[in-house]
Each structure stands twice: as structure tokens, then as C-alpha cells.
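In: got a predicted structure here, sequence first:
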Amino acid sequence: MTSNIRTKICGITTPDALQAAATAGASYVGFVFFEKSPRNIGLSDAAALAVEAPIGVAKVALVVNPTDADLDALTATVPLDVIQLHGSESPERVAQVKTRTGLPVMKAVGVADVTDLAAIDIYSEVADQLLIDAKPPKGADLPGGNGLAFDWQLLAGRKYWTKPWMLAGGLSPDNVAQAVMRTGAKQVDVSSGVESAPGVKDNDKIAAFVRAAKG
Ligand SMILES: O=C(O)c1ccccc1NCC(=O)[C@H](O)[C@H](O)COP(=O)(O)O
């Protein structure tokens, strides 16, 4: 029997990986718009992929501290379902992005220790969803997608969530079932854990991840 855990495969750059994610049963696919990322994708390539995504697979645009002009270009070009903010956007900026794009916003909250958990309550007031991810190491090039996990015990005792949330950070086919059990997550996100090299998605790992998350 499978559970209804929803999965997001982030950093999709090819039709092949998009197909693999959809066939495996992923609920979301993520496109990364961040130049330094090995998963960066241009607007027109993302638009071409997004129109191929089956109904029922939500298309998420991951952006980092976007300007209004960035958002306007993005939403004018790519058919999207969700904006994921993965930078240092303030709660006020999250609200502005929602209004400007007319799309639901998922705000990433980086967690390294207990002091980071206060941000969950703050962003729950304005975001439609939260992505609880590992905080990047100091000086890292990427604010996410680093294959690092945080201490899941930090979430284990949390009973009340006022918004839907997704667990991310260092997940893989080997540890996702354990992560779901320990945190109670109903949604999980992965990027480097389903790659054969930075930015190169592996179809077998995508299938194994979705299977393990639901299993
Ligand atoms: O994945 C990237 O390259 C990236 C670049 C800039 C900001 C965020 C990025 N990824 C964020 C994600 O949504 C990842 O899926 C999440 O951080 C988990 O990544 P991983 O630990 O590699 O599974």
C-alpha cells in the first residue's frame, strides 16, 4: 500500500527528467532560476518544459531575491503554479510577490538549530506553503540544493503547523522514508539526492525516491 506523501523533484532541466518525475508520480517539479546553480534554466527552456508537464504536476519556479522585473519576465514567459522564494526575502516581500504574480508562494526557511524555528511562525503568516530546508554552510555558492540534511529531531516535536510544508535538505531514496517517519512530513523535496552528478538528474533515482517516499 502506498501513502499519499507528495514529492517535489527540484532542478529539472530536461524533458527526460520531467517525464521521469511525472511517470514516477511526483506532485511538483521545480525549475531553478539562479545563474550560479548547476541546475539553472533559462526562461524559454523552462517554458518549453512547463507546457509538457501533465495536469496534476505543479510547476514551481525557484527564485532567489527576485526583482519585480525578474518576476514579470518569469510569469510572462513560463506557465507556473507556484513561486518558491529561496533567498533572504522578508515577510513583506513574500506578500508583495504573491500580489504581483497572483500565484501561491512557498517560502524556504533554512534550519540549522532551534533558533531558526521562529521563522516558521513568521513566514506562516504570509506564505501559502513553507519549504523547511537545511541552512546552507557559511560562504556556500548556493542557498539550497547542497545535499545537506539538518537535524530532523528539531521538527519531530512540532504539533501545530498553520500552513502546508515540505521537508527538504539532503534527502535521497535511502533516507526519505526515515525522514518522513521522524518529522511527520507529508511533502518532501529533493534535488541533489536524485542526481548522478551536479545538475544531472538520474531517472532511476527519481523513481526510487518517489517510491521510497510513498512506501
Ligand atoms: O538546487 C539549486 O541549485 C538551488 C539553487 C539556489 C537556491 C536553491 C536551490 N535549491 C533549493 C531546493 O529546492 C532544493 O531542492 C533543496 O534545497 C534540497 O536540495 P538537496 O539537499 O540537494 O536535495
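Out: Thanks, I have it.

In: list, one by one, the residues from this protein near the ligand.
Out: With C-beta under 6 Å from any ligand atom as the criterion, the chain meets the ligand at residues 10-11, 30, 32, 34, 37, 39, 62, 64, 86, 133, 142-148, 168-171, 189-193. Bear in mind the C-beta positions are built from the backbone N, C-alpha and C, glycine included.

In: how many neighbours does Asn175 have?
Out: When neighbours are counted by other C-beta atoms under 10 Å, Asn175 registers 15.

In: show me the contacts for the closest residue to it other than its chain neighbours.
Out: Leaving aside its sequence neighbours, Asn175 sits nearest to Ala149 (C-beta to C-beta, 6 or more residues apart in numbering; 7.4 Å). Taking C-beta atoms under 8 Å, 6 or more residues apart in numbering as the criterion, Ala149 is in contact with Ala134, Gly169, Gly170, Leu171, Asn175, Ala179.

In: try 7 Å this time
Out: For Ala149, the contact set (C-beta atoms under 7 Å, 6 or more residues apart in numbering) comprises Ala134, Gly169, Gly170.

In: any idea how far Asp72 is from it?
Out: Distance, Ala149 to Asp72, by C-beta to C-beta, to the nearest Å: 35 Å.

In: most surrounded residue in the contacts of Ala149?
Out: Gly169 (28 neighbours).
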